[in-house]
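**Student:** next one to model:
(one chain, ligands or ions: 1)
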Amino acid sequence: MVSTPTIGVLALQGDVREHLVALASADALARPVRRPEELAEVDGLVIPGGESTTMSKLAVIFGLLEPLRERVRAGMPVYGTCAGMIMLADKILDGREDQETLGGIDMIVRRNAFGRQNESFEASVEVAGIEGGPVEGVFIRAPWVESVGAAAEILAVHNGHTVAVRQGNVLVTSFHPELTGDHRVHELFVKMVRATRS
Ligand SMILES: NC(=O)CC[C@H](N)C(=O)O
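**Tutor:** Below you'll find the predicted structure:
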């Protein structure tokens with residue numbers, strides 16, 4: 001049997017701790033990643049929710065932008081929630097002019113598309129590939145996906161808007177499953193990481 005995978009959580013900003021807890025419950029060794037040396041040691045990475053413009057700035061300051069881009073290009077499994085989804089989009093609408101993305105999924109994402117902080121909501125979302133009924137999604141100033149390229153697979157739609165996508169080893173959701181205690185999305189991601197190691 002392949003040993004337990006080590007999965008990092010990008011810890012520049014955002015809800016890092018909740019992802020570390022969810023990953024540990026999904027049978028992975030979870031650790032924060034702030035430096036290129038720490039990135040080099042993980043088998044997969046979660047990019048949490050938070051504020052994508054700040055995260056992008058900090059990634060530049062911490063010297064992580066290019067190392068992150070390289071690992072994503074090289075096929076490291078990555079899961080981005082909310083701000084993390086924005087970081088993994090090839091193209092952002094309503095972003096800041098100087099906002100950098102890592103790219104990874106051929107899709108256009110609209111920032112803050114579901115409204116402001118006080119319009120945050122929870123909704124049951126059916127996610128392709130996840131069994132046992134819908135996932136409870138927490139949407140906080142959440143983005144949605146305006147369009148995807150041919151290589152990207154839409155996994156979930158809420159009110160007509162795409163909210164979960166996978167392309168190769170990159171998985172993204174507009175919502176935050178790490179806030180609900182239901183770890184099935186993290187389990188799916190851990191399975192993706194395991195598949196690259198066997
Ligand atoms: N909960 C979140 O991650 C919000 C994302 C935020 N609106 C952004 O642009 O990054």
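**Student:** quickly note the distance from the spatially most central residue of the chain to L39.
**Tutor:** Centroid-nearest residue in the chain: G80, 0.6 Å away (criterion: CA atoms, centre = their mean). G80 is 15 Å from L39, where distance means CB to CB, to the nearest Å. In short, each C-beta sits where N, CA and C put it, glycine included.
**Student:** likewise N112?
**Tutor:** N112 is 28 Å from L39, where distance means CB to CB.
**Student:** can you check L93 too?
**Tutor:** Applying CB to CB, the value for L93 to L39 is 28 Å.
**Student:** these two: which is more packed in?
**Tutor:** Neighbour count, other CB atoms under 10 Å: between L93 and L39, L39 has more, with 18 against 14.
**Student:** picking that back up, the residue nearest to the centre of the chain is in contact with S52, isn't it?
**Tutor:** No. With contacts defined as CB atoms under 8 Å, G80 does not count as touching S52, sitting 9.4 Å away.
**Student:** who touches both of those two?
**Tutor:** Residues touching both G80 and S52 (CB atoms under 8 Å, 6 or more residues apart in numbering) are 86-87.
**Student:** can you point out the buried residues in the longest helix belonging to the chain?
**Tutor:** Longest helix in the chain, counting residues (DSSP state H): helix 184-197. For helix 184-197, burial by neighbour count (16 or more other CB atoms under 10 Å) applies to 184-190, 192-194.
**Student:** Q117: which of those residues is nearest?
**Tutor:** Comparing those against Q117 with CB to CB places V185 closest, at 22.7 Å.
**Student:** list the contacts of the closest one.
**Tutor:** So V185 contacts 79, 127, 130, 135, 173, 177 (CB under 8 Å, 6+ apart).
**Student:** repeat that for L23.
**Tutor:** Counting by CB under 8 Å, 6+ apart, L23 makes contact with 7, 9, 30, 46, 186, 190.
**Student:** thought the second one was touching P48?
**Tutor:** It stands for V9. Yes. At 6.1 Å, V9 counts as touching P48 under the criterion of CB under 8 Å.
**Student:** overlap in contacts of these two?
**Tutor:** Jointly contacting V9 and P48 under the rule CB under 8 Å, 6+ apart are 16, 19.
**Student:** how near is H161 to the ligand?
**Tutor:** For H161, the distance to the ligand (CB to the nearest ligand atom, to the nearest Å) stands at 15 Å.
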